[in-house]
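> Kindly generate the corresponding structure for this input.
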Amino acid sequence: MRLSYRQQRQFRLIEAALRRSDPHLGAMFGIFGRLYPGQDLPGAEQLPNQPAGRGHLRRAAAWLVAPVITAAVAISVLLGKAVTLAAARRRAPSSAPAAPREPIRPRSDGSAAH
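Below is the predicted model:
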């Protein structure tokens, strides 16, 4: 059975993790590998071959589309807030000058009345 470099690396990582977690089980797998070198897996245990291009293409498309969608959502939220603030400012009463106050008239006793 031929494995790609990536698959061989994954198997080495799995083997190293097994050796660390359960040394006895790792030793048994090592013995099994030495007893049956190069033997193919039974057909029931093999995964069907899938074209590699489709999975990579979908993953690349997802990586490209996700930021665009995120930016679109952020822009729509910001525009929505801007429109809401602009509408609120239009509805708010304008800051018209206050009504003129009555002039201060002096009292008959000489002090100023407010």
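> Now the helix or strand of the chain with the lowest mean pLDDT - C-alpha only, CSV.
Of all helical and strand segments in the chain, the minimum by mean pLDDT, DSSP states H and E falls on helix 23-35, at a mean of 81. The C-alpha trace of helix 23-35 is given here as CSV (Å, rounded to 0.1, in the frame of the first residue of the first chain):
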residue,chain,number,x,y,z
PRO,A,23,3.4,2.1,25.7
HIS,A,24,2.2,-1.5,25.7
LEU,A,25,-0.3,-0.9,22.9
GLY,A,26,2.3,1.0,20.9
ALA,A,27,4.7,-1.9,21.2
MET,A,28,2.0,-4.3,20.0
PHE,A,29,1.4,-2.1,16.9
GLY,A,30,5.1,-2.1,16.3
ILE,A,31,5.3,-5.9,16.4
PHE,A,32,2.3,-6.2,14.1
GLY,A,33,3.9,-3.8,11.6
ARG,A,34,7.1,-5.9,11.6
LEU,A,35,5.2,-9.1,11.1
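> Now do the buried residues in whichever helix or strand comes after that helix.
Once the chain leaves helix 23-35, the next helix or strand it forms, by DSSP states H and E, is helix 52-91. The neighbour-count check on helix 52-91 (16 or more other CB atoms under 10 Å) flags nothing as buried. Yep, even glycine has a C-beta here, placed from its N, CA and C like the rest.
> and what of stretch 6-20?
For stretch 6-20, using 16+ other CB under 10 Å, the buried residues are residue 18.
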